[in-house]
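J.: Pasting the sequence and the predicted model now:
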Amino acid sequence: DAGVIQSPRHEVTEMGQEVTLRCKPISGHNSLFWYRQTMMRGLELLIYFNNNVPIDDSGMPEDRFSAKMPNASFSTLKIQPSEPRDSAVYFCASSSGLAGVNEQFFGPGTRLTVL
Amino acid sequence: SQQGEEDPQALSIQEGENATMNCSYKTSINNLQWYRQNSGRGLVHLILIRSNEREKHSGRLRVTLDTSKKSSSLLITASRAADTASYFCATDTGGNTPLVFGKGTRLSVIA
């Protein structure tokens, strides 16, 4: 298995531009998580899905952020419009959802820089 | 929000020595996990300990959990230069729930 796949790996954009981050979870996993990592705040959950349904989006900073999971093999995180304070590494993770098993498998992350 | 804190924030040891990292958390948990992150990379799962377990081993890793003190420790024995990374503890409240991470310990193993 290729593991969790994220694209792009690096994104540099200007303030005000739309940014779309993509994630392909491990096949067969039914939970998907978006986290953000910054020096100041560490690793924080943004949103997570179970069986393609958003369960908790309370971590999404504001209305500029949105996430979708149209099917079991694809999710997007969109920022529109982007701001310099959105600069961070964004991780996608998936887990199998088996009872009692909560090991999460992380993608390599997308390093976003908003100028 | 951060669940807890790792201690120390940074640790530098010689190759062959043991490294001990501690983690405290604030709320009730189902599982506590430890992850490793190499610079510029994603997180890699190391070990999971359930709330009804007190100690667990995996290779050179030993994890303890004290739910009465809401704390855990990760011991890496006979450290190697390749163990240089940041180590995070993460807690969850059951299957399919998000992880709440601590701030991490940066471990440097000097050859």
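T.: That came through fine.

J.: so what's residue B:12 closest to, chain neighbours aside?
T.: Closest residue to residue B:12 apart from its sequence neighbours, by CB to CB, 6 or more residues apart in numbering or on different chains: residue B:108 at 4.4 Å. All C-beta spots, glycine's among them, are computed from the backbone N, C-alpha and C.

J.: One more: residue B:83?
T.: residue B:109 (5.0 Å).

J.: circling back to that earlier point, burial count for the residue nearest to residue B:12?
T.: If you count neighbours by other CB atoms under 10 Å in any protein chain shown, residue B:108 ends up with 14.

J.: picking up where we left off before, how about the residue nearest to residue B:83, secondary structure?
T.: Secondary structure, DSSP: H, G, I helix; E, B strand; the rest coil: residue B:109 is strand.

J.: show me what contacts it?
T.: B:13-15, B:19, B:79-84 (CB atoms under 8 Å, 6 or more residues apart in numbering or on different chains).

J.: circling back to that earlier point, in this structure the residue nearest to residue B:12 contacts residue B:8, no?
T.: No: the criterion here is CB atoms under 8 Å, and residue B:108 misses it with residue B:8 at 11.6 Å.

J.: Which pLDDT value does the model give the residue most central in space within chain A?
T.: Most central in chain A under CA atoms, centre = their mean is residue A:34, positioned 3.1 Å from the mean C-alpha point. pLDDT for residue A:34: 97.

J.: Could you check what's spatially nearest to it, not counting adjacent residues?
T.: For residue A:34, the spatially nearest residue (CB to CB, 6+ apart) is residue A:46, at 4.3 Å.

J.: any idea which helix or strand carries that neighbour?
T.: Secondary structure assigned from DSSP states H and E places residue A:46 in strand A:42-50.

J.: For the next helix or strand after that strand, name the packing helices and strands.
T.: The helix or strand immediately downstream of strand A:42-50 is strand A:53-56, counting by DSSP H and E. Secondary-structure packing of strand A:53-56 (3 or more CB pairs under 8 Å, 6 or more residues apart in numbering or on different chains; DSSP states H and E): strand A:42-50, strand A:65-71.

J.: Brilliant, that's me finished.
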